Each structure stands twice: as C-alpha cells, then as structure tokens.
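Participant: Sequence and predicted structure are below.
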There are 2 protein chains.
Amino acid sequence: MSGVAIQSLPASTAQARPLAARLNVPMHDIALHRFPDGEIRVTAGPASPTTILYASLDQPNEKIVALLFAAEALRRNGARRLVLVAPYLCYMRQDTAFHEGEAVSQTVIGKLLAATVDRVVTVDAHLHRTPDIASVFPGIEADNLSAMPAIADALKTAELAPDTIVVGPDSESRPWVSELASRLGVPHDVASKTRRGDRSVDVRFSEPALFAGRPVLLVDDIVSSGGTLVACARALIDAGAAAIDAVIVHALFPADMTRTLSAAGIRSIRSTNSVPHPTNAIPLDGLLASALRNETRADRVVETRR
Amino acid sequence: MSGVAIQSLPASTAQARPLAARLNVPMHDIALHRFPDGEIRVTAGPASPTTILYASLDQPNEKIVALLFAAEALRRNGARRLVLVAPYLCYMRQDTAFHEGEAVSQTVIGKLLAATVDRVVTVDAHLHRTPDIASVFPGIEADNLSAMPAIADALKTAELAPDTIVVGPDSESRPWVSELASRLGVPHDVASKTRRGDRSVDVRFSEPALFAGRPVLLVDDIVSSGGTLVACARALIDAGAAAIDAVIVHALFPADMTRTLSAAGIRSIRSTNSVPHPTNAIPLDGLLASALRNETRADRVVETRR
C-alpha cells in the first residue's frame, strides 16, 4: 500500500487527474453503478493510508450517498486518513431556518461529512451567517481556499485591458473582489444588491459614472439562476460600460443559460473547473495541490492516526 | 404540542394518511423543494415529542438526504423521539463486498439511520447474510414486520380457488411462503433458483407434476428486474399450471414491465403499497398501526427521553 493516493467520483475524474499528476500520487477512479431501482453500488480503488477523495458536490444528493459508501469501503480496506476535496461544497447557503420548520441543511451536511472524513478542502464556500469553515465541520480540519489567485493567474495570461474595473455584485463580495483587483493591478467596485425573490434582484452602483467607456470584469462566486449577473450587466450597460466579461468560481447554472447572459450584454463567461461546465476555463489543480502538499510529506503520512 | 404525530415525505403521503387516521394522530406533509442546482430544501411540519416519519425508501438517495434534513428540523423544534416508518428499506441487499473495493451499503445506511432516528419500522426487509434487523441498526429499536398477514387478509376477501398452490421462488422464501399458505389454508412449494447474472436466473421444481391443472399463487418479496418471476412463470407453465397470479411485497420494477410479466403467462400482479406502483392492491396501514400502537400510549409518550 503506497502512502497517499487520490480517488475520484466519476463526475470529478477529469479534474482529479491533473491534481494527482501535480502531487505525483496514484489516481484511482471510484466506480458507481446505478441500478434501475435507484440504488447505487460504489466500488473504490485500493485504499492508501491517506486517501484523498475528490468529489465536487454540485447536484449533490447521489454524490453524498456515494461518498459515504466510498468512505466505508476505504476505511474497511485500511485507509486511516480521508481527505475530502470538494471544490464546490453543497448546501452552504441554507445556514438558518428562513421559515418555520425549515431544515438547516448546512448543519446536517457539515456534521455528516465531519463524521466521514478527517479533513475537508473546498474553494470559496458561500458562508453567509457562519463565521468560518471550521464551524461548519466540528472536530476536523477544514480549509476554505480562495480561487482568486488561480483566477488572477488565468487572467494575467489573457489580454486584460489596462483600464478594466473589477466589479462584484454586492458588499459581501468586496474582500475577494478587492483581492482579485489588487492581484491584477486594476481598480474595483461593488454594487449594492437587494433580493426581491428567488430570481429577482435589484442592483445599484453608488458612482455609475465610473464605468462610462470602460471595460468591466464582473466577478461572482456562485451563479445558479443568473439573475444577479443579468441585473449587474444591465446596470453596467446603463452606466455606459464599454464591454462586460464575467468570471465566476462555481458555475451551477444550466449550460443553455449562457444565451440569456449573452443577451444581457455579457461578452464572455469564464468559470473555474470546480463544477464541470461548458464555461470552464480556469483550472484549480495548482491551488488544490498547494493546500494538499502537506498530505504527501513522509512524516505526515507516518504520523496519521485516527 | 400534541404527543404523537405523523410527518410524511411527499412520495409517501397517500400511504401515511390512512395510518394517521387509524392511529388517530395528526398528519403533516413534509415539503420538499428542488432547486435547479440539485439541492433540496426540506420544511417539516410542527414537531411533536414523538414524531413518526413516514418515508418509504425506494429510489432512495434524495429521500435519505431529505430524511436527514427533516430529522434536524424536527429535533431542533422539540421532537424527542423519531420513529422512521420505511415499509421499503433500501440498500439491504448490498450486505457484503461481493468484489474487492465494493462498499457494504447496508452497514452505511444502517448506521446513518440509527444515528438519526430512535426506532425503525419496516416490512419484509431483504436480509440475506444479516441475522436480523436489530444487527442492521446498532443501538436503536427496529422491527421487521411480515406483510403476509396483510396479504392473506387481502386475498381472503378476493376469490381464491381452493386447489391453489402458493409458490415461492427459492428456498429463502420458504418461511413466509409457508406462513401465507397456512393463513390461506392451501398447500405450498418453493423452487430452487440459480442466479446466472443480474437478469438471468434458472428455476427448477423438485416435483413439477404437482402443478398440473392447478392455479398457482406466485409470491416474491422484491421484484426489481422481473427475471425471477418470469423464470418461475415459465417453469410453472411447462409443468402445466392452470393459471398464475403473482403477489409481491415490494414492487420496484418499472411500471411498463407488467407487459413482459403478462407475456410470460402471469395473469395478475398485486403488490402491497410499500412502494407506490400501479400494481398496488394491498394496503399496509393496518399492519403498521399494530406495530405503532405502543407509540401512542400515554405512558410511552411521557417516558420518552433521549
């Protein structure tokens, strides 16, 4: 049994493979068979003492069950340390009961994963009322990486007009919007957003004159319904922006919605590969490899006890 | 807060309602909203100190996640005792690793549900290598009810020819086949079955002459692919059976497969309502009510502590 290996759910193999290559560890595909009655059968690869489970958790319910099954097989076959790499972490937005009787899904998923693995590595988890990622996963290690360095790297090699402004959709986006702008050496601004329903948002800028004749790089962490991006694009066009390109971390929207986004005046959309999507243009394997490098250190592997 | 109530996942409300009426307790629907990104939002009804969660677990993965969410909301809102009523219990057949690396799904689901509820009530769980239902659910109460009394009641009111033979597909079915035959006052026999693959089975009877000119009531606990029923029907027709009617506990097969079963010579198919299906003809609410009656006793409700 070698010290460290990556095992990936089927939906993540294309993203896991370059990570395994960077870390120079073996890569195994986890097989998932679907029976007609809706049950699944999971077959993991050979267990390593430290096994990195790569499973991005978009369209999550079946994947969560598959992950529990894979963990059982791996533990029983000798894995002492399981590290979940879930670049997209599901159910983080349901962090309180907004109405009587609603489940707090974040709590359930956090406890479930904390009881299943020893460490979670994710990217730009959408934490709103929760102070930090550690409080989502009681008793285990958890890292919430910023995708901004990876995005900045990808954009630096692309041609970015020097008078570009980086724009975020709301005040919550300010920390990472300012990080990205500073890495790119350009200014930034954030809108103020008022949500009026699941798909209706109102977006305003305090100084719209700022955008007249300038290219805008619109940044968002999660795009599901596309409503926020569309509202931002409209406000920026009204303000006279010369062109709007969008870059997003987690592309959860249906692939055919890109037409709606184009129609709203967005020239290009690039996403990280946290969620497999036609807009994927920014790989995360370098970022993830940095965070996982300590797992492959000889002393770490030997130390590991559960 | 009243003492006991039933809350049902959306897929089980039609089955839960008559149970609530029999037990004379309130019934609440659990709301399940599906977002386009594959996440669900679960909203439970008002929690009672004892809450009976009705959730049959066919097509199980989303329902398992929904159940964890509902339990969180109910516990937080004051439920002290959760009783899961799952007439069909998923993943019981994967009770060992048949090949290297396979997950033992039964263990995972058993532990997960045992960590979530205080009691599980199910019907004819397909236990093969597992000695009994208690060993599936460590540390909680568990009841594995036999559907045979309910099936016998339903068949008694139907017209059953007095020379009928009750037939089971394999030696494992003998205990419940003989129970049903004895309740109906007719003889029984079981086939010997050899499985040659997922959908191919070989079925033989030791005394085929027994069936010549007689009506047969074919009984099976789970029908998924239909292969066993078809093979049994063919062997019985070869033996000269006058007519074949089938009765099954858990109808997991696709609705349009009834044509294949008809073509194989099966005249009628009746199933219990453990899994909602066009062949449902045998209600389980009487059986379940008997098992749950103790939950509604005043002393039990007061005693409950977690």
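Facilitator: Everything's here; your move. Numbers count the residues shown, from 1 in each chain, chains lettered A, B, ... in the order given.
Participant: Residue A:15 touches residue A:55, doesn't it?
Facilitator: No: with contact defined as Cβ atoms under 8 Å, residue A:15 does not count as touching residue A:55 (10.1 Å). (Glycine included, C-beta is placed from N, CA and C.)
Participant: Which residue ranges of the stretch 151-300 of chain A form strands?
Facilitator: In the stretch 151-300 of chain A, the strands defined using DSSP state E, counting those that start in this stretch lie at A:165-168, A:188-190, A:192-195, A:201-204, A:215-223, A:243-251, A:268-272, A:280-282.
Participant: re earlier: touching both of residue A:15 and residue A:55, which residues are there?
Facilitator: Between them, residue A:15 and residue A:55 share these contacting residues under Cβ atoms under 8 Å, 6 or more residues apart in numbering or on different chains: residue A:8.
Participant: Other residues contacting the longest helix anywhere in chain A?
Facilitator: Using DSSP state H to define each element, chain A has its longest helix at helix A:60-76. Contacts to helix A:60-76, defined as Cβ under 8 Å, 6+ apart, come from residues A:7, A:9, A:11, A:30, A:32, A:40, A:42-44, A:47, A:51, A:53, A:55, A:57, A:82, A:84, A:90-91, A:109, A:112-113, A:116-117, B:38-40, B:60-62, B:64-65, B:97, B:101-105, B:107-108, B:112.
Participant: Adding mean pLDDT, write the strands of the stretch 151-300 of chain A out as JSON lines.
Facilitator: What follows is those, written out as JSON lines (pLDDT from 0 to 100):
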{"stretch": "strand A:165-168", "mean pLDDT": "97"}
{"stretch": "strand A:188-190", "mean pLDDT": "96"}
{"stretch": "strand A:192-195", "mean pLDDT": "86"}
{"stretch": "strand A:201-204", "mean pLDDT": "88"}
{"stretch": "strand A:215-223", "mean pLDDT": "96"}
{"stretch": "strand A:243-251", "mean pLDDT": "97"}
{"stretch": "strand A:268-272", "mean pLDDT": "96"}
{"stretch": "strand A:280-282", "mean pLDDT": "97"}
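Participant: Show the residue spans covered by the helices in the stretch 51-200 of chain A.
Facilitator: Secondary structure of the stretch 51-200 of chain A by DSSP state H, counting those that start in this stretch: the helices cover A:60-76, A:105-114, A:148-157, A:174-184.
Participant: would CSV of those helices with mean pLDDT be doable?
Facilitator: Below are those laid out as CSV (pLDDT from 0 to 100):
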stretch, mean pLDDT
helix A:60-76, 98
helix A:105-114, 98
helix A:148-157, 92
helix A:174-184, 94
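Participant: how close does the residue lying closest to residue A:152 once chain neighbours are set aside sit to chain B?
Facilitator: Spatial nearest neighbour of residue A:152, chain neighbours left out: residue A:183 (3.7 Å); criterion: Cβ to Cβ, 6 or more residues apart in numbering or on different chains. Noted for residue A:183: a distance of 28 Å to chain B, by Cβ to the nearest Cβ, to the nearest Å.
Participant: contacting residues for residue A:178?
Facilitator: Here residue A:178 is in contact with residue A:188 (Cβ under 8 Å, 6+ apart).
Participant: Report the separation between it and residue A:188.
Facilitator: Residue A:178 sits 5 Å away from residue A:188, taking Cβ to Cβ, to the nearest Å as the criterion.
Participant: Could you do residue A:30 as well?
Facilitator: 41 Å.
Participant: repeat for residue A:9
Facilitator: Note on residue A:9: its distance to residue A:188, by Cβ to Cβ, is 36 Å.
Participant: For residue A:75, grab the count of nearby residues.
Facilitator: By other Cβ atoms under 10 Å in any protein chain shown, 18 other residues sit near residue A:75.
Participant: and what of residue A:160?
Facilitator: Counted by other Cβ under 10 Å, the residues lying close to residue A:160 total 17.
Participant: Grab the nearest non-local neighbour of it.
Facilitator: Nearest non-adjacent residue to residue A:160, counting by Cβ to Cβ, 6+ apart: residue A:184, 6.4 Å away.
Participant: need the contact list for the one you found.
Facilitator: Taking Cβ under 8 Å, 6+ apart, one finds A:152, A:155, A:156, A:160, A:164, A:166, A:217 in contact with residue A:184.
Participant: Would you check that residue A:280 makes contact with residue A:250?
Facilitator: No: in this structure residue A:280 lies outside contact range of residue A:250 using Cβ under 8 Å: 10.9 Å.
Participant: What's the nearest residue in the stretch 151-300 of chain A when you look at chain B?
Facilitator: Going by Cβ to the nearest Cβ, chain B is nearest to residue A:252 of the stretch 151-300 of chain A, at 4.3 Å.
Participant: For the stretch 101-250 of chain A, which residues are neighbours of chain B?
Facilitator: By Cβ under 8 Å from any Cβ of the partner chain, the part of the stretch 101-250 of chain A that sits against chain B consists of A:101, A:102, A:103, A:104, A:105, A:107, A:108, A:112, A:115, A:224, A:225.
Participant: Find the pair from these with maximum spatial separation.
Facilitator: Largest separation among those by Cβ to Cβ: A:115 and A:225, giving 32.0 Å.
Participant: Compare these two (neighbour count), which wins?
Facilitator: For residue A:115 versus residue A:225, neighbours defined as other Cβ under 10 Å are more numerous around residue A:225 (19 against 16).
Participant: Which residue, neighbours along the chain excluded, lies closest to residue A:143?
Facilitator: Per Cβ to Cβ, 6+ apart, closest to residue A:143 is residue A:121, 4.8 Å.
Participant: Let me see the contact set for that neighbour.
Facilitator: For residue A:121, the contact set (Cβ under 8 Å, 6+ apart) comprises A:83, A:84, A:85, A:86, A:142, A:143, A:145, A:288, A:291, A:292.
Participant: Quick check: the closest residue in space to residue A:51 that isn't next to it in sequence vs residue A:52, distance?
Facilitator: Distances taken as Cβ to Cβ, 6+ apart place residue A:79 nearest to residue A:51, at 4.4 Å, with adjacent residues excluded. Distance of residue A:79 to residue A:52, given as Cβ to Cβ: 10 Å.
Participant: hey, what's residue A:51 bridged with?
Facilitator: Beta bridges link residue A:51 to residue A:5, residue A:82, judged by DSSP bridges.
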